[in-house]
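Q: Quick one, what's the 3D model for this:
(4 chains)
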Amino acid sequence: MILNVNGSRHEVQEGTRTLLEVLRDDLGLVGTKEGCGVGMCGACTVLVDGRPISGCLILAEQVVGKEILTVEGLEKNGQLHPIQQAFIDERAFQCAYCTPGFILSTAALLNENPNPSEDEIREYLSGNLCRCGSYQNILKAVLRAHQRV
Amino acid sequence: MNPIKFLEPTDFSEASSLLDQYTDDAKIIAGGVSITLMLQQKLISPSVLISLGRVSNYDFIRHDQDGLHIGALTKLRDIERSDIVKKFCPALAHTFSVVGNVRVRNQATIGGNLSAADYAADPPSMLAALNARVQVQGPEKKREISLGKFFLGFYTTALESNEILTEVVIPNLSSSARAAYHKYTSISAEGRPCVAVGAVADFDADGKCLDLRIAVGAAVETPQRLNSAEAMARGQILTDELVAAIAEEYSLRLDPLTDVRGSAWYRKEMIRVFVKRALQEVRNDR
Amino acid sequence: MIGESVPMLDSLARVTGTLDYMINLRLPNMLVGKIVRSQSPHAKLLKVDITNALQVPGVIAILTGADLGANAFYGAGIKDQGVVAVDRVRYVGEPIAAIAAESLDAAEEAELLIDIEYDELPAVFDAQAAIQAGAPTLHEKFPNNIFKHAKLRHGDLDVAFAEADEIFEDTFTSPPAQQASLEPHVSAAQWDGERLTIWTASQAPFMVRKTLSEIFGIAPEAVRVIVPPLGGGYGGKGHIRIEPLAAAMARKTNGRPVKFALSRAEEFVTVTKHAASITLKTGVKRDGTFTARQVTLYWNGGAYADASPLLVPAGMVRSVGPYRIPAVHVDSYGIYTNLPPAGAYRGAMSSQTTWAYESQMDIIARKMGWDPLEFRMKNLFVSGDRFATGEELRDVHFVECLEASAKGLGAPSSPALLPEGEGKRGRGYGVMMKSTVATSKSQARLKLTDDGMVTLFTSTVEMGQGGHTTMAQITAEALGVPLSAIKIIGPDTAITPFDSTTSASRSTSMMGNAVVAACGSMRKKLFELSAPLLETPPDQLRTKNGFVVANETSISFGDILKRNNLNELNEAGEYSTSLGLDPETGQGVSTPHWHQGAGAAEVKVDTETGRVTILRYSAASFAGRVVNPRMAQLQNDGNVIFGLGPALMEEIVFDGGQPTNPNLADYSIPSIRDIPVELTSICIESDEGEMHGIGEMTLPPVAPAIANAIEDAIGVRIKDLPITAEKILRALREKSQP
Amino acid sequence: MQINDSFVINAPQDKVWEFLFDISKLYQCVPGIESAEAMDDKTYRGKLVIKVGPIRSEFGGTVTLTEVEAPNRIAGMLEGDDKSSASSVKATFTGTLTPVDGGTEAAFQVEANLRGRLAQFGGPVITATAKKLTAEFAKNLRAQLE
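A: Residues are numbered from 1 along each chain as shown, chains lettered A, B, ... in the order given. So this is what the prediction gives:
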């Protein structure tokens, strides 16, 4: 079974496993985290053909032939993605376990809606949970990122 | 443990034949949200998964003289964002926009959502109020089921064990009809609905209600409509008193359940409030 | 450096997903661990048969109670909890066995083949039911199920109540809740002969070391505890959790490491927030002063004492409140029940106690006709007052905290801010006073190398609070080096020195002072070594930017070492406090300093549904001296947002001891759409400039401030957390139909 | 969790009682039952398949009667487990037969604890399933007795 992840093709073992398991266990892409296992927290957010999906709720077999982007695929030529930089600039994390998920959701949001209002950001990101409660700074980071992206 | 066979038929009739062949050992996987959840929690252990991922041409949204047609494999997110749906019935687009979170909506399909028959879901009550029907494919024949007869109980539908939902059809609304969907979350804004109310009303030129359909979901096992309450509106102006009386009828007659999102007592109260609010919205929107 | 908002040192790793959390740990030959848990809340174990499970291919070893020695019990103060259950289980989810296997699939297959036979015993789940005569006893040593009774006796209560014009008696409750760090508990263990290495997501590495050395009868130095950055802790990782089990399992695998990572559902049966019932009886005079307060606290400790023997007395101190009250008696009971063990939950015990005393403040104020804000101001402690423990209070800033948060609310909301729909607005306030750990020690070690680089060895756990960045900033300032020259190592008990724990907001103060002490020694050493080179007496030297500076000349730290033929310099620093209370009277000194915080809420209540919207929230904490303003703001904001959970939504629901909502779909934690429309927070600093931790201060006031605002809005009083829409609506109905 | 339900059968109380204590007849009426046997006059062993939507559980276990007061009342306990979902159920129950107009009212009260993975379904699904099984049982019983 071949998966396209972050622009390269990876041969992975057949079998019914979640995309999250395959990314972490087979491909060593551990930036994607499991938080709740039921699609609620967004720590396992990855982009599948540009759309945010919960890695814990989708089987690897379902995404064969699709383009998968994880947090590891965001940097270009050793340069942080502007959203990553905005998260640093606005101190938009504490324990940061949720951060890759938030960053990927933000990437998808800004792709769909380059100029989101604060309400639209809240709505779009409301499925990503941050237990440390860094939400205010995350909002600021998204607003800052959209000026840059 | 034996590996699960992952089959990818290319059309519904093949999928249905496979389902017929493997019976209880097989599960259909469309978007995969509920099946993956159950697999993860080890509540099911099928030997075969029949994926609809290779079935093409069923992620459509189209409008014709019969009404709005939505292919079973259409993602909730695409319905929510569809200009056709927004034009056809803004409340319907809204209903899909409040399901779970954006990730779930990107993955879940309308067919899967309805077939899972989760009581704490959003689309069923709005679709029931819209008199939607579903087309299903068996190994030999297709048939149509009205949504009012589709949900039989918790996680249980009128689908035979070898049938698959292929399309949802929502009859045309008259240009004077208005619809509203009210989702009430009682705990976190992110939660599933405590009460869900879909309402559709049609009015004549004088503002008299020609037809009213209200389906209450999430608080009850399956979406519930009350003919007695709907009939109260026919030929009447929806005054505050009448709205209150209809809301009261729903509150009185339905027998809600208790779960973490609210007790039966509270849900009775919320049914009254949200039937009222949905009715006010359709009335005021006119 | 102190006072600058530098980004967290490892920010890059945090935004690229490359931070080495425990969950990512992979070791050569590592096995997967899986815990087999009790389905019964209380039963004798008649049989735990692993014969068939051992036959599953890929299963390497299975641990059961039969493997355990007499010392395989642990707990802070009361060693009542077995590494796995021996002969008897006392809560649903208690570990009965553990499996080490090549894969999770194999372990899960084996789990189904373990044959467990229970002989059911009667169970009790409510703390007050558990102390009634005839209730089932959980541990024979404590026949009435009370494992801890902490007492505070200050003044003559009867006389003081007799002086009161009004006496108020109210009971407030909090349910069990879960810390719910997004990273679960994860521990891995490996034995090399009689030496044990354990990697664990823990807030207390040295507590883990001590406990494991006692359980396995080896020297503390034979246990190496390594703690990577945590994906959140919030008290849930503050004590011993799955480390003993991981270590005992690894003892059976011939030197292969075993890693246990809990599922979300397992988290809910691993540690919880204490359910509590708190009764406050308070005597008040017509002039608005207090005469007496009697507090009775029932803490549901769950089936094992865990950290409760420390927390129940802390809860006693934290239950009195920040007000001048001449006579105070407190009885704080830790009680066994057949629920999972309870432990610290961010703002430990204060989250429950502040709920009680700050709710009652408004009840009193309203009944006696005072403005709740003025009533507080009138009675709040100021520096020089004495607390109920007899200790004198210094550096007290409750009034400033409350003033600042009230002011932060600003003028009442403009209608434009209000979402549509029916609703009534109200405002409420809360203040909290919390002790930190009375007796604890922090040590820091500094290494300076001849390239001018400084390494700080510290056992402060980085769990997202920015502890390591804070220590680096303190080092930079105290030593006079640029931040870029500092590297932080730890915690690793083999190389980093002792620290009691990273909890109770103690690190900035305790470890911070240890770092300052180490820096002082290092500077002294550098001055001695450089004085001859700079031809200036040591007492006329200072450090700046990695240089020792005299009047006209300077020399870099690296050059000082080189010129003295030294490769490195090592200096250590220590800071400790040894305080405490008399066990019979609760008199003494309970804390090195007091945590002080306040909050003000403006809410809107939908009177048809009972649903509350937090329009504005303004929080203030006393920080002494802020090390990193933006990180401090994150901690303050984060506390308020975290606090919305227990205030409005969080409750583990048990049915017959079985949690029915152990997942984040049915157990809600605050999302970005649940936070206040406007949220501001500030840190109060003082001239004395002591550095304080601020990891919890703005959390405990959240629930009472909201409840008080609700009463202000609609005239109903909720006394049971969480404040759900349903409870509000019910109260409204009861009020309208007396 | 409490599950209480009742139904009326148009048959005399003695006849109903007799029927319920004849396991071969009872077997015909219990929905989803796969096997049942009497170990002695107080203990029964059996296997029951329960389906809720896509989830199929197979509970094997025993029923032990602790009180038998013919033809009015029984009480007992039930223990069973479903290996595949690592779930178990423990329950105590009482059942009563009361003569009413036109027949016999059968009523039961169950205090049940469902444990393991299935427990996450929570009260509403489990009580509704119990009610459905009861209704089906009542229907089958009526078909046999009326």
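
Q: and B:Asp202, how far is that from chain D?
A: Taking C-beta to the nearest C-beta, to the nearest Å as the measure, B:Asp202 falls 34 Å from chain D. Placement of C-beta: from N, CA and C, glycine included.

Q: List the pairing partners of the helix or strand hosting that residue within its sheet, with orientation.
A: If you go by DSSP states H and E, B:Asp202 is part of strand B:195-203. Partners of strand B:195-203 in the sheet, by DSSP bridges, are strand B:177-184 (antiparallel), strand B:208-217 (antiparallel).

Q: ok now the first one, how far from the chain's centre?
A: In this view, strand B:177-184 has its centroid 13 Å away from the chain centroid, taken as C-alpha atoms, centre = their mean, to the nearest Å.

Q: Could the C-alpha coordinates of it be exported in PDB?
A: Output of strand B:177-184 as PDB, limited to C-alpha atoms (Å, rounded to 0.1, in the frame of the first residue of the first chain):
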ATOM      1  CA  ALA B 177     -41.900  28.300   2.500                       C
ATOM      2  CA  ARG B 178     -39.300  28.900   5.200                       C
ATOM      3  CA  ALA B 179     -37.200  26.600   7.200                       C
ATOM      4  CA  ALA B 180     -35.100  26.800  10.300                       C
ATOM      5  CA  TYR B 181     -32.800  24.500  12.200                       C
ATOM      6  CA  HIS B 182     -32.000  25.000  15.900                       C
ATOM      7  CA  LYS B 183     -29.300  23.000  17.500                       C
ATOM      8  CA  TYR B 184     -29.000  23.400  21.300                       C
END
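
Q: which outside residues touch it?
A: B:89-92, B:94-95, B:98, B:122, B:125-126, B:129-130, B:173, B:193-203, B:211, B:218, B:270, B:273-274, B:277-279, B:281-283, B:285-286, C:609 (C-beta atoms under 8 Å, 6 or more residues apart in numbering or on different chains).

Q: now stretch C:475-484
A: Identification of contacts with stretch C:475-484 by C-beta under 8 Å, 6+ apart yields C:1-2, C:6, C:9, C:446, C:452, C:454, C:456, C:472-473, C:485-486, C:515-516, C:519-520, C:522-523, C:542-547, C:557.

Q: Now restrict the residues you listed to buried residues only.
A: C:1-2, C:6, C:9, C:446, C:452, C:454, C:456, C:472-473, C:485-486, C:515-516, C:519, C:522-523, C:543, C:546-547, C:557 (16 or more other C-beta atoms under 10 Å in any protein chain shown).

Q: how about low-confidence regions in chain A?
A: Residue ranges of chain A with pLDDT under 70: none are present.

Q: Sort out for me which of the contacts of stretch C:475-484 are in strands.
A: C:Leu446, C:Val454, C:Leu456, C:Ile486, C:Arg542, C:Thr543, C:Lys544, C:Phe547 (DSSP state E).

Q: Show me what the longest helix along chain B is packed against.
A: If you go by DSSP state H, chain B has its longest helix at helix B:264-285. Judged by 3 or more C-beta pairs under 8 Å, 6 or more residues apart in numbering or on different chains; DSSP states H and E, helix B:264-285 is in contact with strand B:177-184, strand B:195-203, strand B:208-217, helix B:240-253, helix C:725-736.

Q: Format those as a markdown table; extra columns: mean neighbour count and mean pLDDT.
A: Output for these, formatted as a markdown table (neighbours: other C-beta atoms under 10 Å in any protein chain shown; pLDDT from 0 to 100):
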| stretch | mean neighbour count | mean pLDDT |
| --- | --- | --- |
| strand B:177-184 | 24 | 98 |
| strand B:195-203 | 27 | 98 |
| strand B:208-217 | 23 | 97 |
| helix B:240-253 | 17 | 98 |
| helix C:725-736 | 18 | 96 |
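
Q: Export the ones you listed as CSV, with columns for distance to C:Ala123.
A: Below are the helices and strands packed on helix B:264-285 laid out as CSV (distance: least, C-beta to C-beta, whole Å):
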stretch, distance to C:Ala123
strand B:177-184, 36
strand B:195-203, 35
strand B:208-217, 37
helix B:240-253, 38
helix C:725-736, 27
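
Q: wait, which of those is closest to D:Lys51?
A: Nearest to D:Lys51 among the helices and strands packed on helix B:264-285 is strand B:208-217; the distance by C-beta to C-beta comes to 22.6 Å.

Q: how many degrees apart are that closest one and helix B:264-285 in direction?
A: On the basis of axes from the mean of the first three to the mean of the last three C-alpha atoms, to 10 degrees, strand B:208-217 is oriented at 150 degrees to helix B:264-285.

Q: wait, what's in contact with residue 35?
A: This is for chain A. A:Cys41, A:Gly42, A:Ala43, A:Cys44, A:Tyr97, A:Cys98, A:Gly101, A:Leu129, C:Leu182, C:Glu183, C:Arg264, C:Leu664.

Q: Oops, wrong one, chain C.
A: C:Pro95, C:Ala97, C:Ala98, C:Ile99, C:Ile242, C:Leu245, C:Phe260, C:Leu262, C:Glu266.

Q: filter these by proximity to chain D?
A: When contact is defined as C-beta under 8 Å from any C-beta of the partner chain, the contacts of C:Ile35 do not meet chain D at all.

Q: which stretches of the chain form helices?
A: The chain I'm using is chain A. A:19-21, A:82-89, A:99-112, A:118-125, A:135-148.

Q: that's the other chain; I wanted chain D
A: With DSSP H as the criterion, chain D has helices spanning D:13-20, D:23-29, D:122-145.

Q: Quick one: closest of those helices to chain B.
A: helix D:122-145 (4.0 Å; C-beta to the nearest C-beta).

Q: what's the angle between the closest one and helix D:13-20?
A: 110 degrees.

Q: and C:Arg293, helix, strand or coil?
A: Put simply, C:Arg293 is strand when judged by DSSP: H, G, I helix; E, B strand; the rest coil.

Q: okay, it: pLDDT?
A: Per-residue confidence (pLDDT) for C:Arg293: 98.

Q: Would you agree C:Lys604 falls within a helix?
A: No - using three-state DSSP, the assignment for C:Lys604 is strand, not a helix.

Q: Find me the pLDDT at it, would you?
A: With respect to pLDDT, C:Lys604 has a value of 94.

Q: State the distance from it to C:Thr501.
A: From C:Lys604 across to C:Thr501, the span is 40 Å (C-beta to C-beta, to the nearest Å).

Q: go on, C:Glu650?
A: 24 Å.

Q: ok so, going back, max pairwise distance over the contacts of C:Ile35: which two?
A: Using C-beta to C-beta, the contacts of C:Ile35 span at most 15.4 Å, a distance reached by C:Ala97 and C:Leu262.

Q: who's more crowded, these two?
A: Between C:Ala97 and C:Leu262, counted using other C-beta atoms under 10 Å in any protein chain shown, C:Ala97 has the larger neighbour count: 25 against 20.

Q: tell me the mean pLDDT for the helix or strand hosting that one?
A: Here C:Ala97 sits within strand C:95-101, counting by DSSP H and E. Computed over strand C:95-101, the mean pLDDT rounds to 98.

Q: buried set for it?
A: C:Pro95, C:Ile96, C:Ala97, C:Ala98, C:Ile99, C:Ala100, C:Ala101.

Q: Can you tell me, leaving aside adjacent residues, what's nearest to the closest residue to chain C within chain A?
A: Sorted by distance to chain C under C-beta to the nearest C-beta, the residues of chain A start with A:Gly31, at 2.2 Å. Computed as C-beta to C-beta, 6 or more residues apart in numbering or on different chains, the closest residue to A:Gly31 that is not its neighbour in sequence is C:Gly17, at 2.2 Å.
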